[in-house]
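>>> Sequence isn't available, so here's the structure alone:
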């Protein structure tokens, strides 16, 4: 695993905790897995998927009934990220505040990390 022992790889805002816990309860899932994949105009995109079964290689972050699982290949890209959930007039969405991102596209859906290893 990457990061500092005893420190969560990602942090969740209270709004993100509420939304993740709500989604888990509503759909009877074990958590929400986040990762990264190649794609988008900046080179990489975040992924989010419901989890029916926990992968033992995932890094788990649990807080007040919310569970986020970080896919093994994404752990080094996501360390230090704050996950928030924002509600606006036109849309509601998860927002990633990631200190490892060196570039993002205009819409914010695609990101780039410095010296990206092959996934």
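Looks like it arrived, so ask away. Given the structure is predicted, the values throughout are model-derived calculations rather than measurements. Numbering: from 1, shown residues only.

>>> contacts, neighbours, all on C-alpha from now
Noted.

>>> Can you find the helix or strand in the chain with the smallest mean pLDDT?
One helix or strand of the chain scores below all others by mean pLDDT, DSSP states H and E: strand 110-113, with a mean of 62.

>>> Grab the longest helix from the protein for me.
Longest helix in the chain, counting residues (DSSP state H): helix 14-27.

>>> Show me what it is in contact with.
Contact with helix 14-27 is made by 29-32, 63-67, 83-86, 94, as judged by C-alpha atoms under 8 Å, 6 or more residues apart in numbering.

>>> Let me know the secondary structure of the residue sitting furthest away from the middle of the chain.
Going by C-alpha atoms, centre = their mean, the residue of the chain most distant from its centre is residue 89, 23.2 Å out. Using DSSP: H, G, I helix; E, B strand; the rest coil, the structure places residue 89 in coil.

>>> Find the nearest non-adjacent residue to residue 9, please.
In space, not counting the residues next to it along the chain, residue 9 is nearest to residue 79; the distance is 4.7 Å by C-alpha to C-alpha, 6 or more residues apart in numbering.

>>> Does that neighbour touch residue 11 like I think?
No. The pair residue 79 / residue 11 is not scored as a contact, 9.2 Å apart, by C-alpha atoms under 8 Å.
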